[in-house]
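Visitor: let me see the structure of the following:
(chains A and B)
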Amino acid sequence: QKEVEQDPGPLSVPEGAIVSLNCTYSNSAFQYFMWYRQYSRKGPELLMYTYSSGNKEDGRFTAQVDKSSKYISLFIRDSQPSDSATYLCAMSVNDYKLSFGAGTTVTVRA
Amino acid sequence: GAGVSQSPSNKVTEKGKDVELRCDPISGHTALYWYRQSLGQGLEFLIYFQGNSAPDKSGLPSDRFSAERTGGSVSTLTIQRTQQEDSAVYLCASSSQYNQPQHFGDGTRLSIL
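Guide: The predicted structure follows:
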């Protein structure tokens, strides 16, 4: 079993829809949680960075962490075609050795 | 300001050859990381450098892989006697210090024929 499991997708939604992305993990020592966005043939770009449980909002993006369930989520509101990308969850114990999910590819249809 | 720069962007080589991949981190960033991204796989941690401390090499998959960081800035990842399973995207990241968010370059796409 992988340390971080991510819903594989792909996910296709109409423009304006809410995109919901999820990851589960097995290592209860993880305490830093991140979401990255990766466009084709580009490096991952940091979207959200959270510590411990709770919600964090940044514009159209909301990250949720539930440490009791070992579950994290990213929500994208009012999705746009420019949000079409692969989304990667990542987490760490000591905040330098990141463990990544395999990524979910999202397509937002105009 | 300039982001993390990696070169070459693409590399095609024959099995058994050695390859060197280069990473220029963001200026002033003391922490530098190498990851590997294989098709259908998540990013896999390879090695971490922090200042003048000994690197964490725990993610290197075999002794054919090595990395160095000269002068606390530029880093080179070397793969000796390349194998077809080494084909992947090699990504470099840097951060201002170990506990700050990591910023990635666009990677080197390595293909072993």
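Visitor: buried ones in stretch A:26-40?
Guide: A:Phe30, A:Gln31, A:Tyr32, A:Phe33, A:Met34, A:Trp35, A:Tyr36, A:Arg37, A:Gln38 (16 or more other C-beta atoms under 10 Å in any protein chain shown). (Glycine included, C-beta is placed from N, CA and C.)
Visitor: who's in contact with the third one?
Guide: Taking C-beta atoms under 8 Å, 6 or more residues apart in numbering or on different chains as the definition of contact, the neighbours of A:Tyr32 are A:Tyr49, A:Thr50, A:Tyr51, A:Met91, A:Ser92, A:Val93, A:Asp95.
Visitor: show me where the chain has strands.
Guide: No chain was given, so I picked chain A. Taking DSSP state E to define them, one finds strands in chain A at A:4-6, A:11-14, A:19-25, A:32-38, A:45-51, A:54-58, A:61-66, A:71-76, A:85-92, A:99-100, A:104-109.
Visitor: please refer instead to chain B.
Guide: Under DSSP E, chain B gives strands at B:5-7, B:10-13, B:19-24, B:31-37, B:43-50, B:65-69, B:75-79, B:88-95, B:103-104, B:108-112.
Visitor: before we move on, the earlier item: farthest-separated two in the buried residues of stretch A:26-40?
Guide: Greatest spatial distance in these: A:Gln31 and A:Gln38, 23.5 Å, computed using C-beta to C-beta.
Visitor: could you dump the strands of chain A into CSV with mean pLDDT added?
Guide: Formatted as CSV, the strands of chain A follow (pLDDT from 0 to 100):
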stretch, mean pLDDT
strand A:4-6, 94
strand A:11-14, 96
strand A:19-25, 97
strand A:32-38, 95
strand A:45-51, 92
strand A:54-58, 92
strand A:61-66, 96
strand A:71-76, 96
strand A:85-92, 95
strand A:99-100, 92
strand A:104-109, 96
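Visitor: pull up the residues of chain B that are close to chain A.
Guide: Residues of chain B lying close to chain A (C-beta under 8 Å from any C-beta of the partner chain) are B:4, B:31, B:33, B:35, B:40-45, B:48, B:50, B:56, B:58-59, B:91, B:93, B:95, B:98-99, B:101-107, B:109.
Visitor: the same query, at a cut-off of 10 Å, please.
Guide: Residues of chain B lying close to chain A by C-beta under 10 Å from any C-beta of the partner chain are B:3-4, B:6, B:9-10, B:31, B:33, B:35, B:37, B:40-45, B:47-48, B:50, B:56, B:58-59, B:89, B:91-93, B:95, B:97-107, B:109.
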